[in-house]
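pasted the sequence and its predicted model underneath.
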Amino acid sequence: MHLYRSLCLLLPLGGLSLCADAQHTTVLKGKVHGRDSKAIYLMLPNQSVRSAKNVEIPIRDGRFEYKMTAGHLQAYELIFKEEADVGTYRSIIFFPDSAVVNFDLYTMEEADNNVVTGGRVNRDYYKMDAFQESVFQRIRDDIFSQEHSLKDQHRFFRLYMTHYSEKP
């Protein structure tokens, strides 16, 4: 009886753990606007741009498509190869939580116009990102404006210089 009860408890848990690591496939489909990019990297956010593990996805006629397999839900990044090559880039974050994730991607200067659609997690992530931007952008702009004003008046480092340049 004790063995039967233990099995009844453990079998469903074992089945859940098998489902947690189940592989699923997501197709990444993208349109690239206003740039003549030839490739885009697919990578994990904590991975180096120079890593051999990065997948290089070709871009042909301003479009790309790639079928990826993920073991569990986590964030991924897309980075344009030419931006990574010069060391200055804006990554595009996405989550492969649906069968298809679509991208409309623009130049670095117009990267705020990038659109990622497909899946609830992507929708919620970009909704939260837009909310944060709406709340904190004005505050950041005010701080940067004050900083630039103080620097223009040569007053930004004055307290530091006064305090630390005095000799005992």
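It's in. Computed from a predicted structure; not experimentally measured.

Gln146 should be in a helix, yeah?
Yes. Gln146 sits within a helix when classified using DSSP: H, G, I helix; E, B strand; the rest coil.

show me what contacts Thr26?
Lys67, Met68, Thr69, Ala70, Pro96, Asp97, Ser98, Ala99, Val100, Val101 (C-beta atoms under 8 Å, 6 or more residues apart in numbering). The way it works is simple: take the backbone N, C-alpha and C, and place the C-beta from them, glycine included.

most widely separated two among the residues you listed?
Lys67 and Asp97 (15.3 Å; C-beta to C-beta).

neighbour count: the two, which is higher?
Neighbour count, other C-beta atoms under 10 Å: between Lys67 and Asp97, Asp97 has more, with 19 against 9.

could you check the pLDDT of the more buried one?
Per-residue pLDDT puts Asp97 at 93.

what's around the closest residue to it other than its chain neighbours, how many residues?
Nearest residue to Asp97 in three dimensions, chain neighbours excluded: Gly119, at 3.7 Å (C-beta to C-beta, 6 or more residues apart in numbering). The local packing of Gly119 (other C-beta under 10 Å) involves 19 other residues.

bridge partners for the residue most central in space within the chain, pull those for me.
Nearest to the mean C-alpha position of the chain, by C-alpha atoms, centre = their mean, lies Ile93 at 2.3 Å. Ile93 forms beta bridges with Glu77, as assigned by DSSP bridges.

all helices for the protein, in order.
Assigned helices in the chain, in chain order: 2-20, 81-86, 120-152, 158-165 (criterion: DSSP state H).

give me the below-cutoff pLDDT ranges for the protein.
The chain contains residues with pLDDT under 70 at 1-21, 158-168.

let me see the domain layout of it.
23-118, 119-168 (automatic domain parsing).

any idea which of these is most buried?
domain 23-118 (a mean of 15; mean count of other C-beta atoms under 10 Å).

how far does that one stretch from start to finish?
Domain 23-118 has an end-to-end distance of 18 Å (C-alpha to C-alpha, to the nearest Å).
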